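Novice: Return a 3D structure for these sequence lines:
(one chain, ligands or ions: 2)
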Amino acid sequence: MSKILVTGGTGYIGSHTVVELYNAGYTPVIVDNLSNSNIRILDQLEKITGKRPEFHQFDLCDEAKVFAFVQQHPDIAGIIHFAASKAVGESVEQPLKYYHNNFFSLVNLLRAYQDKPINFVFSSSCTVYGEPDELPVTEAAPVKKATSPYGNTKQIAEEILEETANAHGNYHVIALRYFNPVGAHESALIGELPLGVPQNLLPFITQTAIGKREKLTVFGGDYDTPDGSCIRDYIHVVDLAKAHVAAIRLLEKGNPRGNYDVFNVGTGNGYSVLEAIAAFERASGQKLNYVIGPRREGDIIKVWGDVTKSAAELGWKAELGIDEMMSSAWAWEQYLSEHPLS
Ligand code: NAD
Ligand code: WQD
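Specialist: Numbers count the residues shown, from 1 in each chain. Ligands and ions are numbered 1, 2, ... in the order given. Below is the predicted model of the structure:
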């Protein structure tokens, strides 16, 4: 079956996508520099799938290495490009790290394929919508001025991809705009591995429940929402992984909508922070220690996606709900406390 290059394949979303590629009959090939992931994920992937993915450790910002890799792997039929730096707060403190890593890796990859037909799936984000004027937000909604260098890298990367696909017929591109990926594989052998203090809600919840953090602070309880806390469209990482397989399939068939397309990848449902906490308490059977604190600067108040286009054109729909997201995230945190990976 065809080989798919998965950049960032030992990372959180990449590792789950490697599993789903195997399940769908593809052969994933991973490139990762391990800047934000752990080599032992390869053992975990082997335990789940019975196969050890081909793995290459190098930095995609290294142009010569990218070109050499592409030359030595003429049988790569598609690329899923996850590799990027992704911490919003850090990007405000170190914008050049983000512009360097996220752009050089993308442009090197694209340039290495300038003479070859290639199917390319890109990790974008609902961050491009900012605070949407209408909900649920559709792919046709305007892209708002980014509030962080990280968000800006996603917006500009989408533009780079669209312009490249329009100019050169060999690039067939789909950008997936993820909402909030959470949860873990049902085996509890892979999941999110945040470095240091988690900035995202779910790992902070599970680390609090396991006793690594004292308490969760809910960032703001006085927003204009039914319970005063912010609303997000949380998406199970396994559903998200399957969306990438659907995107590769659509590109292989030939996307009738053209060489560049974008899709929302969410469930279409919004949950508040307090609802997410209640769902976690239900799924884990544990009370969570939390307080309502001040707002976090720059937070979007409410966002959830319209997933009509993804269902119709990509043939993909989320299957797992908030209960599975919470129970799998909790099972993974418990596994990690008994089998630390780092
Ligand atoms: P992650 O950090 O777990 O995975 C990214 C992987 O890329 C890591 O394994 C890292 O070591 C690798 N990497 C980074 N720079 C590299 C480089 N120059 N060369 C080679 N490898 C490199 O992140 P994730 O949560 O799995 O996110 C994957 C993608 O999805 C990213 O592009 C991210 O911006 C995007 N995204 C993530 C979220 C989210 O909330 N997790 C939401 C929307 C979009
Ligand atoms: C979710 C909700 C917080 C932590 C970020 C990026 C975005 C995308 C996903 C990549 C919010 C609240 C959180 C805590 C809390 N990444 N919260 N206490 O802000 O939707 O998006 O990650 O593209 O670009 O900006 O995700 O998980 O940080 O927050 O109350 O300790 O949880 O205020 O309402 P967010 P998050």
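Novice: Please count neighbours and contacts with C-alpha atoms only from this point.
Specialist: OK.
Novice: Which parts of the stretch 1-150 of the chain are helices?
Specialist: Remark: helices assigned in the stretch 1-150 of the chain by DSSP state H, counting those that start in this stretch are 12-23, 41-49, 63-72, 88-93, 95-112, 149-167.
Novice: quick one: I248 and ligand 2, what's the gap?
Specialist: I248 sits 21 Å away from ligand 2 when distances are taken as CA to the nearest ligand atom, to the nearest Å.
Novice: Could you pull up the residues touching that residue?
Specialist: Counting by CA atoms under 8 Å, 6 or more residues apart in numbering, I248 touches G78, N119, F120, V121.
Novice: how far out from the middle of the chain is stretch 42-49?
Specialist: Computed by CA atoms, centre = their mean, to the nearest Å, the chain-centroid distance of stretch 42-49 equals 20 Å.
Novice: Near ligand 1, which residues of this protein? Just list them.
Specialist: The interface of the chain toward ligand 1, taken as CA under 6 Å from any ligand atom, is made up of 8, 10-14, 32-37, 58-61, 82-86, 101, 105, 123-125, 178, 180-181.
Novice: what about 5 Å?
Specialist: 8, 10-13, 32-37, 59-60, 82-84, 86, 123, 125, 178 (CA under 5 Å from any ligand atom).
Novice: ok so, going back, out of the contacts of I248, which one sits closest to ligand 2?
Specialist: Set against ligand 2, the nearest of the contacts of I248 by CA to the nearest ligand atom is V121 (15.2 Å).
Novice: what bridges to the closest one?
Specialist: Per DSSP bridges, the residues bridged to V121 are I80, I174.
Novice: Could I get the contacting residues of F55?
Specialist: Applying CA under 8 Å, 6+ apart, we find F55 in contact with V29, I30, V31, D32.
Novice: Which strand residues bridge it?
Specialist: I30.
Novice: ok, Y335 to ligand 1 distance?
Specialist: Separation of Y335 from ligand 1 (CA to the nearest ligand atom): 18 Å.
Novice: what sits against the nearest residue to that residue once chain neighbours are set aside?
Specialist: Excluding the flanking residues, the one nearest Y335 by CA to CA, 6 or more residues apart in numbering is A188, at 6.5 Å. Counting by CA under 8 Å, 6+ apart, A188 touches S328, A331, W332, Y335.
Novice: try it again with 10 Å
Specialist: Q44, I48, S328, A329, W330, A331, W332, E333, Q334, Y335, L336 (CA atoms under 10 Å, 6 or more residues apart in numbering).
Novice: which SS state does the third one fall under?
Specialist: Assigned with DSSP: H, G, I helix; E, B strand; the rest coil, S328 falls in the helix class.
Novice: any idea which of the helices of the stretch 1-150 of the chain is most buried?
Specialist: Of the helices of the stretch 1-150 of the chain, the one with the most neighbours on average (mean count of other CA atoms under 10 Å) is helix 12-23, at a mean of 23.
Novice: Do it and ligand 2 come into contact?
Specialist: No: judged by CA under 5 Å from any ligand atom, helix 12-23 stays clear of ligand 2, getting no closer than 11.2 Å.
Novice: can you tell me the residue of the stretch 201-342 of the chain closest to ligand 1?
Specialist: Closest contact between the stretch 201-342 of the chain and ligand 1, by CA to the nearest ligand atom, is at V237 (8.9 Å).
Novice: Confirm for me that that residue is in contact with G321.
Specialist: No: here V237 lies out of contact with G321, judged by CA atoms under 10 Å, at a distance of 11.1 Å.
Novice: Comparing those two, which residue is more hemmed in?
Specialist: Each of V237 and G321 has its neighbours counted (other CA atoms under 10 Å); V237 has more, 29 against 14.
Novice: which ones are touching that one?
Specialist: Contacts here follow CA under 10 Å, 6+ apart; on that basis V237 touches 12-17, 178, 180-185, 191-192, 243, 318, 320, 325, 328-329.
Novice: Tell me the backbone dihedrals of it, please.
Specialist: Per-residue torsions, V237: phi -60, psi -30 (degrees, to the nearest 10).
Novice: Please compute how far stretch 285-293 lies from its chain's middle.
Specialist: On CA atoms, centre = their mean, the centre of stretch 285-293 falls 26 Å from that of its chain.
Novice: Likewise for stretch 315-329?
Specialist: Centroid separation for stretch 315-329 versus its chain: 14 Å, with CA atoms, centre = their mean.
Novice: what's the first-to-last distance across that stretch?
Specialist: End-to-end span of stretch 315-329 (CA to CA, to the nearest Å): 26 Å.
Novice: Having no further points to raise, I will conclude here.
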